[in-house]
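*Asks:* sharing a model that was predicted from the sequence below.
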Amino acid sequence: MKQTLKTTFAVLAAAACWALAAPGFAQEAPKPMRGADVPAVDQAPEAKKYLGGKPGGQTKVARTFSSQPPVIPHAVENFDEITLEENQCLSCHGPDVYKKKNAPKVGDSHFRDRDGKVLPEASAARHNCVQCHVPQVDAPPLVDNDFKGDLVAAKPAGKKKN
């Protein structure tokens, strides 16, 4: 009986506190994040055409920081979709054909699992190339920016520092 009485008083006290606090919350209307009401919905920008044509015909785009995945400097619209069974990117960039195709080799990091163990084939986690690598597009920046990047990363691969 005493426990029931204590519980009843606790519930009544909580309800009284909530009832006293609730009017204070209702008086303040939420403020928009932009600082003012926006009369029109933002329009999506028009779709941009990807640059590049036949693979090998474009100059490589310099990276702006050391661990940035390189962008794809050629067209990819006519490429087959990447599936679990097939990845057309590896037909030129795979470790066994990249020299014949005069294409950059898939990075060594793609042949390691998440524990760092070297794998005989590309890791399944790295199989979908366009998950990190994107085709180059000619578009102005959405906002002004003076980012210069890491000059070390802009050096061509394979050249050693002196």
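*Replies:* Looks like it came in fine.
*Asks:* my guess is Asn87 meets Arg126, correct?
*Replies:* No. Counting by C-beta atoms under 8 Å, Asn87 does not reach Arg126; the two are 10.0 Å apart. Just so you know, the C-beta spots here come from the backbone N, C-alpha and C atoms, and that holds for glycine as well.
*Asks:* so which residue is dead centre in the chain?
*Replies:* In the chain, the residue lying closest to the centroid (C-alpha atoms, centre = their mean) is Cys132, at 6.7 Å.
*Asks:* that residue - nearest residue in space that isn't next to it in sequence?
*Replies:* Pro69 (4.1 Å; C-beta to C-beta, 6 or more residues apart in numbering).
*Asks:* counting neighbours, what do you get for the one you found?
*Replies:* Residues within reach of Pro69, counting by other C-beta atoms under 10 Å, total 13.
*Asks:* output the below-cut-off pLDDT ranges for the protein.
*Replies:* 1-2, 18-27, 34-38, 52, 150-162 (pLDDT under 70).
*Asks:* do a quick rundown of the helices in the protein.
*Replies:* 2-27, 90-93, 98-101 (DSSP state H).
*Asks:* by contact count, what packs against the last one?
*Replies:* Going back to what we said before, that points to helix 98-101. helix 90-93 (3 or more C-beta pairs under 8 Å, 6 or more residues apart in numbering; DSSP states H and E).
*Asks:* name the helices or strands packed onto the helix it packs on?
*Replies:* helix 98-101.
*Asks:* now the helix it packs on: buried residues?
*Replies:* For helix 98-101, burial by neighbour count (16 or more other C-beta atoms under 10 Å) applies to no residue.
*Asks:* and the contacts of it?
*Replies:* Helix 98-101 is contacted by residues 91-93, 104-106 when judged by C-beta atoms under 8 Å, 6 or more residues apart in numbering.
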